[in-house]
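*Asks:* structure for this input, please:
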Amino acid sequence: MAKGKRGIKAVIFFIILQLTMPALAQQAYLSDVVVTNTLDHLIVYFSVNDCFTVDMNRAIESGIETTFTFYIRLYKKRDYWWDSKVADREISHSIKYDNLKKIYEVKLSEQNDDVITMKDFDEARRLMAEVIAAKVIALRDLKKGEHYQLKMMAQLNKIRLPLYLHYVFFFLSLWDFETDWYSIDFRY
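*Replies:* Residues are numbered from 1 along each chain as shown. A predicted model of the protein is given here:
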């Protein structure tokens, strides 16, 4: 009898370990951050790494729409006082697979929500994970000689399933990710 209980406990431990391992195995993070400017705007480029899991890839290929939201905040640094927020930008990238046409549809909010279609899943994932030349603020709104801090982070929007399907597909919560805030200090 004692051996049977130990066996059940081992099986339960193994199942819990299998369910939590994907969440522990990878932590999404921002990289390749470049802050620069055009003649009129402060712009930023960056990528999110380790944001696609095997389960997420399968779900996308089964037609579940997935959205990443990128938060970009610019603060004016102040001594002996709280920093003041100068700009707050939210960008979203969405991907959906059309099983009938066998194409991926990627929508990028920083490109006027234009839908880009492609057949290559790797290219679609690359577009999802890269923010390219996102305008943060007009240069006329910055003051020469002031210190600023730019903060960025990425988050996978929670998947909303109809009715009570979220109880059946409880594993979708293992996809949830949020990167740490990445910050850069600079003087304008």
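*Asks:* looking at the chain, which helix or strand is least sure?
*Replies:* Lowest mean confidence among the helices and strands of the chain (mean pLDDT, DSSP states H and E): helix 165-168, at a mean of 48.
*Asks:* tell me which residues of the helix or strand just after that one come out buried.
*Replies:* Once the chain leaves helix 165-168, the next helix or strand it forms, by DSSP states H and E, is strand 182-187. By 16 or more other CB atoms under 10 Å, strand 182-187 has no buried positions at all. For every residue, glycine as well, the C-beta is placed using N, CA and C.
*Asks:* do stretch 91-108 as well
*Replies:* For stretch 91-108, a neighbour-count test (16+ other CB under 10 Å) marks 91, 93, 94, 95, 96, 97, 104, 105, 106, 107, 108 as buried.
*Asks:* quick one: it to chain centroid distance?
*Replies:* Centroid separation for stretch 91-108 versus its chain: 16 Å, with CA atoms, centre = their mean, to the nearest Å.
*Asks:* what about it, how long is it end to end?
*Replies:* Counting by CA to CA, to the nearest Å, the length from the leading to the trailing residue of stretch 91-108 is 8 Å.
*Asks:* just to revisit the earlier point, of the buried residues of stretch 91-108, which pair is most distant in space?
*Replies:* Greatest spacing in the buried residues of stretch 91-108, by CB to CB: 91 and 97 (21.5 Å).
*Asks:* now, which of the buried residues of stretch 91-108 lie within strands?
*Replies:* 91, 93, 94, 95, 96, 97, 104, 105, 106, 107, 108 (DSSP state E).
*Asks:* what's the closest of those residues to residue 52?
*Replies:* Looking across those and measuring by CB to CB, the closest to residue 52 is residue 95, at 9.9 Å.
*Asks:* next up, the contacts around residue 41.
*Replies:* 135, 136, 137, 138, 139 (CB atoms under 8 Å, 6 or more residues apart in numbering).
*Asks:* for residue 84, state which of those is nearest.
*Replies:* Using CB to CB, the contacts of residue 41 come closest to residue 84 at residue 137, 12.9 Å.
*Asks:* so where does the closest one fall, helix or strand?
*Replies:* strand 130-138.
*Asks:* pLDDT on that strand, on average?
*Replies:* In this model, strand 130-138 carries a mean pLDDT of 95.
*Asks:* fine by me, thanks again.
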